[in-house]
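S.K.: Sequence and predicted model, in that order:
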Amino acid sequence: MKALLVLYSELLENGREKFYKELEKNVSVLNRIVGIDSIYASVSSQFKDIFERFPDLCLINNLRDTSVFGAYKGLRKLRGNDVLLIDGGIRLSKETLFNFFNRVHVTVGMVKEKWSGVAFVKMRDVDYVIRSLENNFEKSILDAFYTLRDTYSIATEFIQLKERLALPILNLKQA
């Protein structure tokens, strides 16, 4: 299993240092759960200093600087693996992540009908998620998961997470 953090410039609006402190906590949680060699980050050009701060992350270039395109580029790179897709603007916890493991289908975390910022994509479904993202570049990641379910008939679980377990630290794009 690989973890993919999607980072885009809107995450820096509340301050670069605050964002990096939260990212450091998230990377620490991910290190303990998926291992240090399994964490990837899809980053835009706004994150030029990320390599110095997090030299252990494997970086993927997010050319369009959007969350959907970042997820698309990262999933293309990680084909052949189960992928834990994570928006860079959330606060992770072990409890949140454990809700996604041992599931049979693509699993999308929801909080009050919005994407919680975490989804788990099985290896067999990665190509379909990539196609769904291609069809939703101008929309949100949640729209791509609805396209996955409705167009490609891929079984997709939308699980409700408790708000205190999945707290967005920044505004997620929810078009």
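M.R.: Structure's in. What do you need?
S.K.: Mind listing what's buried along stretch 123-133?
M.R.: Buried positions in stretch 123-133, judged by neighbour count with 16 or more other CB atoms under 10 Å: 125-126, 128-133. No exception for glycine: its C-beta is placed from N, CA and C like everyone else's.
S.K.: buried sites along the lengthiest helix in the chain?
M.R.: Longest helix of the chain, by residue count under DSSP state H: helix 16-33. Of the residues in helix 16-33, 19-20, 22-23, 26-27, 29-30, 33 count as buried by neighbour count, 16+ other CB under 10 Å.
S.K.: got it, and stretch 54-61?
M.R.: Quick answer for stretch 54-61 (16+ other CB under 10 Å): 54, 57, 60.
S.K.: quick one: the last one from Asn135, how far?
M.R.: Going from Ile60 to Asn135 by CB to CB, to the nearest Å gives 21 Å.
S.K.: Please enumerate the strands of this protein.
M.R.: Here the chain has its strands, by DSSP state E, at 2-6, 39-43, 58-61, 83-87, 90-91, 106-111, 114-121, 156-160, 167-168.
S.K.: Describe which strands the third one pairs with in its sheet and in which direction.
M.R.: Using DSSP bridges, strand 58-61 pairs in its sheet with strand 39-43 (parallel).
S.K.: Export the partner strand to PDB, keeping only CA atoms.
M.R.: Taking C-alpha atoms only, strand 39-43 is exported to PDB below (Å, rounded to 0.1, in the frame of the first residue of the first chain):
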ATOM      1  CA  ILE A  39       4.600   8.000   1.200                       C
ATOM      2  CA  TYR A  40       4.300  10.100  -1.900                       C
ATOM      3  CA  ALA A  41       3.300  13.700  -2.400                       C
ATOM      4  CA  SER A  42       1.800  15.300  -5.500                       C
ATOM      5  CA  VAL A  43       3.100  18.900  -5.200                       C
END
